[in-house]
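Enquirer: Provided below are the primary sequence and the corresponding predicted coordinates.
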Amino acid sequence: MPALSTCPCGQDAPYAACCGPLHRGETTASTAEQLMRSRYTAFVMHNAPYLQQTWSLTTRPAHIDFDTSREWTGLQIIGTTGGSPFHSEGTVEFRAHYTTAGTPGIQQENSTFTREAGHWVYVAAL
């Protein structure tokens, strides 16, 4: 993968120093928001193994199909509840911007996260 000037998750850091260590398994997310951002980046990069690993055992699909016509273009975090290093549950509301066949779109959801075996995982969208 080529070096990215900034991470797709929207943080002002290169991928190698932002979501890269999470994707490579060198560290785990310390907050639900950090996990959300790393999962968005995994969708951008079609990183199914990371998405599976960070999906709750209770809701994880058997496989992940990527819409190859969709290009993710930006992530906007609207708000969070809980989800800090001191919580066991949290939510992250976000807007993920994309284009499909040149037409812009937005996926907005309020995702729930919990800890399994001490690590943040995505549960479901509200």
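Expert: The structure has been received and is ready for your questions.
Enquirer: For burial, what's the neighbour tally of the closest residue to Ala17 other than its chain neighbours?
Expert: Using CB to CB, 6 or more residues apart in numbering and skipping residues adjacent in sequence, the residue nearest Ala17 is Cys7, 8.0 Å away. Heads up, the C-betas are built off the backbone N, CA and C, glycines and all. Residues within reach of Cys7, counting by other CB atoms under 10 Å, total 22.
Enquirer: i'd like the first residue to be 57 from this point on
Expert: Yes, from this point I'll number from 57; that puts the last item at Cys63.
Enquirer: where's Ile134 relative to Leu113, distance?
Expert: According to CB to CB, to the nearest Å, Ile134 and Leu113 sit 27 Å apart.
Enquirer: Which secondary structure state is assigned to Leu91?
Expert: The three-state assignment at Leu91 reads helix, by DSSP: H, G, I helix; E, B strand; the rest coil.
Enquirer: Was I right to think it contacts Thr110?
Expert: Yes: between Leu91 and Thr110 a contact is recorded at 6.1 Å, counting by CB atoms under 8 Å.
Enquirer: joint contacts of these two?
Expert: Common contact partners of Leu91 and Thr110 (CB atoms under 8 Å, 6 or more residues apart in numbering): 85, 176-178.
Enquirer: Buried residues, stretch 133-152. List them.
Expert: Across stretch 133-152, burial judged by 16 or more other CB atoms under 10 Å covers 136, 138-139, 143, 146-150, 152.
Enquirer: wait, I meant stretch 162-174
Expert: Those would be 167-170, for stretch 162-174 by 16+ other CB under 10 Å.
Enquirer: Turn those residues into a markdown table, columns for distance to Gly158 and pLDDT.
Expert: Output for the buried residues of stretch 162-174, formatted as a markdown table (distance: CB to CB, whole Å; pLDDT from 0 to 100):
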| residue | distance to Gly158 | pLDDT |
| --- | --- | --- |
| Ser167 | 27 | 98 |
| Thr168 | 33 | 98 |
| Phe169 | 33 | 98 |
| Thr170 | 38 | 98 |
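Enquirer: Could I get the full set of strands for the protein?
Expert: 126-138, 145-156, 159-172, 175-181 (DSSP state E).
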